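Student: sequence below, structure please.
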Amino acid sequence: LNGDPSGGGAGEPLRHNQHGTQFPLHNAPFFIGEAAYAYNQEDGATGLPGTIKLGGWYHAGRFNDQRYDNNGVSLGDPASTGIARRVRGNYGFYAMAEQMLWRRPGTSDQGLAAFARVSTAPGDRNPAVFYADGGLTFKGVLSGRPDDIAGIGFGYAKASNRLRAQQRDARAFGTSTPIISSEIVIELTYLAQLVPGWTLQPDFQYIRRPSGGIAKPA
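Tutor: Below is the predicted model of the structure:
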């Protein structure tokens, strides 16, 4: 995969590839590998179906250090150059699971199911180091609407300790830099099939500590 489909350059990245059709080959590559195990998928299976996935990714480019500048001074120090030290490579790991918990008798896919996902990445080059989400879905919750799906989910993202340390450094020098922590989201959704091939999906989200708790600008 292309690790930087914008092609790089100064300014807003989306302006370099406005239509998403460019595929520059001079950028560092991005690799993803995944293994999956699906069980009880065949017709007549006695157990409830589920899937487990394990994966990882590696980006061969360079990334900004979350705390130190190119001279090894904290970016929170007024004496810093303001230019982050560049770190080669970036990587992460993730796991996902989906499991049907209850199947409505006489159907193949209606019922209650659960999902969960976790991922992690190094904090010296990523602003977020841990992410997890999970939830429940119910297909066919209303009688007479077998293809509708109701869902509830949550997500949690934890900020890098390295980034938090840089923000604490800035605080130590008397600035009002906020120290981010984590972000939590709760989501409710309902996917309604209007006619075959057409669906409508209202969605409600409540986000606690947006952007890790950074205050809104005045």
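Student: which element is residue 180 on?
Tutor: Following DSSP states H and E, one finds residue 180 outside all helices and strands.
Student: now do the contacts for the closest residue to it other than its chain neighbours.
Tutor: Of all residues not flanking residue 180 in the chain, residue 212 sits nearest, at 3.0 Å (CB to CB, 6 or more residues apart in numbering). Where C-beta positions appear, they are placed from N, C-alpha and C, glycine not excepted. Residues near residue 212 by CB atoms under 8 Å, 6 or more residues apart in numbering: 157, 159, 180-183.
Student: filter these to the buried ones?
Tutor: Buried subset of these (neighbour count, 16 or more other CB atoms under 10 Å): 157, 159, 180, 183.
Student: show me where this protein has its strands.
Tutor: 30-39, 50-69, 84-103, 111-120, 128-139, 149-159, 182-195, 198-200, 203-208 (DSSP state E).
Student: okay if I get these as TSV plus mean pLDDT and distance to residue 75?
Tutor: Listed next are those as TSV, based on pLDDT from 0 to 100; distance: least, CB to CB, whole Å:
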stretch	mean pLDDT	distance to residue 75
strand 30-39	96	26
strand 50-69	96	5
strand 84-103	96	6
strand 111-120	98	23
strand 128-139	97	17
strand 149-159	97	15
strand 182-195	96	21
strand 198-200	95	46
strand 203-208	96	27
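Student: which one of these lies nearest to residue 4?
Tutor: In terms of CB to CB, the element of these nearest to residue 4 is strand 50-69, at 6.8 Å.
Student: picking that back up, the strands of the chain: which one's closest to residue 15?
Tutor: Among those, strand 50-69 comes nearest to residue 15, with 19.6 Å by CB to CB.
Student: how far does the closest one sit from the chain's center?
Tutor: Centroid separation for strand 50-69 versus its chain: 11 Å, with CA atoms, centre = their mean, to the nearest Å.
Student: one step back: now, which of the contacts of residue 212 sits nearest residue 67?
Tutor: Closest to residue 67, out of all of the contacts of residue 212 and judged by CB to CB, is residue 159, at 12.5 Å.
Student: how about the closest one, what does it touch?
Tutor: Neighbouring residues of residue 159 by CB under 8 Å, 6+ apart: 127-129, 180-182, 212.
Student: circling back: could you check how far the residue nearest to residue 180 is from residue 67?
Tutor: Per CB to CB, to the nearest Å, residue 212 is found 16 Å from residue 67.
Student: and residue 54, by the same measure?
Tutor: Taking CB to CB, one finds residue 54 at 30 Å from residue 67.
Student: more neighbours: which of those two?
Tutor: The residue with more neighbours, out of residue 54 and residue 67, is residue 67; 24 against 14, by other CB atoms under 10 Å.
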